[in-house]
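Novice: coords below, sequence missing:
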């Protein structure tokens with residue numbers, strides 16, 4: 001039995017909403033390509049994109065800096081938004097986001113320790129010779145850290161049969177410990193890596209190029225396909241555990257599978273951009289508000305589609321603001337998403353109380 005929504009599906013208002021979000025995303029995308037410390041006109045941007053213009057300053061700025069960074073911002077937003085939606089459905093807690101299970105903390109700690117070990121090997125074993133670490137493994141390292149952190153939270157919650165409240169409490173506790181360990185590792189690391197690591201931990205897309213885009217794309221395809229394959233199971237997992245079992249669902253198994261996909265999405269994005277705070281919390285609630293305004297209800301197929309577009313738009317808008325507010329200096333993108341997320345978090349807590 002598949003449960004998607006209690007209301008009748010209305011396709012045309014939904015298509016209108018999707019069209020509006022796509023138009024907003026396109027506008028933000030071209031704004032991101034035009035705005036920066038070196039402004040470019042929309043005509044110049046369009047001419048560079050559609051023609052093979054010889055190498056120039058404007059062409060290098062667009063192809064080497066702004067275009068890959070803008071694409072990466074959208075991909076990262078999709079990852080965190082879908083991860084937050086899955087976690088809120090599985091844990092049945094509107095305050096859930098990737099940090100609730102220690103995913104961000106576990107992924108961050110794994111990456112920092114990995115880079116620390118690489119630096120140690122280069123210095124003490126190879127003497128800064130030709131030893132090169134393949135950074136294509138960073139999402140895998142982040143996934144391993146996120147999975148281990150999640151496994152610890154699940155282990156602590158197993159006796160309570162993975163009840164949502166217990167998962168949330170254990171996740172917050174483990175996440176706090178992991179974040180403390182991350183800061184300790186960075187301070188122990190020292191050297192010129194400390195400042196770079198702190199910027200990455202704040203969540204930043206500075207210096208990203210097409211290699212990072214191609215690194216994240218396979219994880220995006222797998223994660224998005226996994227999300228849509230989980231639709232009917234997630235819709236049942238939103239019910240009470242006893243009700244879900246009555247419908248013939250193996251609740252524990254599908255909770256674990258859903259959590260693994262959410263961890264993979266959040267950890268791979270964290271490996272590239274650092275932990276962008278509250279994106280996974282903000283976007284699902286924003287998507288529900290939009291769908292309710294259009295009279296569509298909050299069915300999961302609708303929510304996933306809207307979350308993908310809204311997550312991409314939010315992260316891209318935050319990245320535009322991060323590089324233009326105090327140009328030519330930059331504010332970490334994660335700082336802006338956190339500033340947006342804190343009032344929403346307080347509002348949600350107040351409503352729950």
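Specialist: Alright, I've got the coordinates. Values in this document were obtained by computation on a predicted structure and should not be read as measured data.
Novice: what about the residue nearest to residue 278 when sequence neighbours are not counted, how many residues close to it?
Specialist: Residue nearest to residue 278 in three dimensions, not counting chain neighbours: residue 341, with 2.4 Å by C-beta to C-beta, 6 or more residues apart in numbering. Every C-beta, even on glycine, is put in place using the N, C-alpha and C of the backbone. Here the neighbour count serves as a burial measure; for residue 341 (other C-beta atoms under 10 Å) it reads 21.
Novice: Can you name every helix or strand that the strand or helix carrying residue 341 contacts?
Specialist: With the criterion set as DSSP states H and E, the secondary-structure element containing residue 341 is helix 333-352. Packing partners of helix 333-352 (3 or more C-beta pairs under 8 Å, 6 or more residues apart in numbering; DSSP states H and E): helix 279-293, helix 300-324.
Novice: Check the gap between the residue nearest to residue 278 and residue 80 for me.
Specialist: In this structure, residue 341 and residue 80 are 11 Å apart, going by C-beta to C-beta, to the nearest Å.
Novice: Strands of the protein, start to end?
Specialist: Listed in chain order, the strands found in the chain under DSSP state E amount to none.
Novice: For it, give me the ranges with low pLDDT.
Specialist: Within the chain, the set of residues satisfying pLDDT under 70 comprises 1-11, 52-54, 124-136, 161-165, 190-196, 349, 352-353.
Novice: List the contacts of the residue nearest the centre of it.
Specialist: Geometric centre of the chain, nearest residue: residue 80, 2.2 Å, by C-alpha atoms, centre = their mean. Residue 80 makes contact with 97-98, 265-266, 269, 276, 279-280, 283, 311, 315 under the criterion C-beta atoms under 8 Å, 6 or more residues apart in numbering.
Novice: And it, how far from residue 122?
Specialist: To residue 122, residue 80 is 32 Å away according to C-beta to C-beta.
Novice: What of residue 283?
Specialist: For residue 283, the distance to residue 122 under the criterion C-beta to C-beta works out to 39 Å.
Novice: Could you do residue 12 as well?
Specialist: Distance, residue 12 to residue 122, by C-beta to C-beta: 59 Å.
Novice: More neighbours: which of the two?
Specialist: Between residue 12 and residue 122, counting by other C-beta under 10 Å, residue 122 is the more crowded of the two (16 against 8).
Novice: Could you give the number of residues near residue 321?
Specialist: Number of residues near residue 321 (other C-beta under 10 Å) recorded here: 16.
Novice: whoops, I mixed them up, residue 207
Specialist: When neighbours are counted by other C-beta under 10 Å, residue 207 registers 11.
Novice: How about residue 51?
Specialist: Counted by other C-beta under 10 Å, the residues lying close to residue 51 total 7.
Novice: repeat for the one 5 residues further on
Specialist: Under the neighbour criterion other C-beta under 10 Å, residue 56 is assigned a count of 11.
Novice: Let me see the contact set for it.
Specialist: With contacts defined as C-beta under 8 Å, 6+ apart, residue 56 has no neighbours.
Novice: Ok, the one 5 residues further on next?
Specialist: If a contact means C-beta under 8 Å, 6+ apart, then residue 61 has 36, 38, 40 as its contacts.
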